[in-house]
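[1] Below are the sequence and a predicted model; questions follow.
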Amino acid sequence: MNSRKNTKIIRYFFYEEHPNMNSIFKITPFNNTLLQGYKEKAMAELNDFFGRKWVYNTPKVFVVDDRETINLLQEKETENWVVGFSTGVYICILNPDNISKESCHDGSTYKVEKLIKHELCHIFFNKSFGGTNFPWITEGMSIYVADQFYKYPIPEMFNGFLDGKKIYQESGASIKLLIDNFGKDKVFEFLRKQNGVKDIESLNSIFKEVFGSKMEYSFFNNLH
Ligand SMILES: [Zn+2]
């Protein structure tokens, strides 16, 4: 999850209900070799994928025990499926032991290794391409790179992500089809060129320039 947009209204009400909201947190080291291993593996794979050599001062992984803490960190009521987020500097994940209790997911089957890679990928994306104003682009990259298709299988039909719907269900698959059909370099060219673009018309013309087609569902459905 890369939460920056569409949270103003939720955030306002959260403040209203929590006028003296706590914003002080105590952090202590968590000696967890499993999570440390997941992080190091993810960093190595992400460095490889994005062509970077990021070794020093890498993003910290903060493990939080409950939804209450996630909400305070995010300054809003989060959905019960949210088990991690990225700030652009560090990532937070829900304590794997508490996933069943504090989220709608089954902690016994949830793949925390992929979650860590997904959230770290958002940071690599921002560092490499300067971010995006279109959530499907960065969520798609994170889902694709973290290989989370066990949660979001390739859909039969694309009909939502370009309109800001079904982002998680469709965007990973859409990025996968672009990379499989056009190669990573072409997709990286698109990611570089879309930096700073705000309106859909400009994004459309960049898409057409790079991939030679209109950015529409039929194009993605035909790539299947
Ligand atoms: Zn995400």
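    Structure's in. What do you need? Please read these numbers as outputs of a predicted model, since none were measured by experiment.
[2] Just to be sure, P59 is in a strand?
    No - counting by DSSP: H, G, I helix; E, B strand; the rest coil, P59 falls outside a strand, being coil.
[3] So it versus the ion, what's the distance?
    According to Cβ to the ion, to the nearest Å, P59 and the ion sit 14 Å apart. Bear in mind the C-beta positions are built from the backbone N, C-alpha and C, glycine included.
[4] what about that residue, neighbour count?
    By the measure other Cβ atoms under 10 Å, the count of residues near P59 is 22.
[5] next one: phi and psi at it?
    P59 adopts backbone torsions of phi -60, psi 130, taken as degrees, to the nearest 10.
[6] Worst mean pLDDT across the helices and strands of the chain, which element?
    Sorting the helices and strands of the chain by mean pLDDT, DSSP states H and E puts helix 8-17 at the bottom, at a mean of 66.
[7] For the helix or strand just after that one, buried residues please.
    Per DSSP states H and E, helix 8-17 leads on to helix 33-50 as the next helix or strand towards the C-terminus. For helix 33-50, a neighbour-count test (16 or more other Cβ atoms under 10 Å) marks 35, 38-39, 42-43, 45-46, 49-50 as buried.
[8] can you pull out the strands in the protein?
    For the chain, applying DSSP state E gives strands covering 61-64, 84-86, 91-94.
[9] got a markdown table for these, with mean neighbour count, mean pLDDT and distance to Y110 too?
    Shown next, in a markdown table, are the strands of the chain (neighbours: other Cβ atoms under 10 Å; pLDDT from 0 to 100; distance: least, Cβ to Cβ, whole Å):
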| stretch | mean neighbour count | mean pLDDT | distance to Y110 |
| --- | --- | --- | --- |
| strand 61-64 | 19 | 98 | 14 |
| strand 84-86 | 22 | 97 | 10 |
| strand 91-94 | 23 | 98 | 9 |
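[10] Any idea which of the ones you listed gets closest to the ion?
    The ion lies closest, by Cβ to the ion, to one member of the strands of the chain: strand 84-86, at 6.8 Å.
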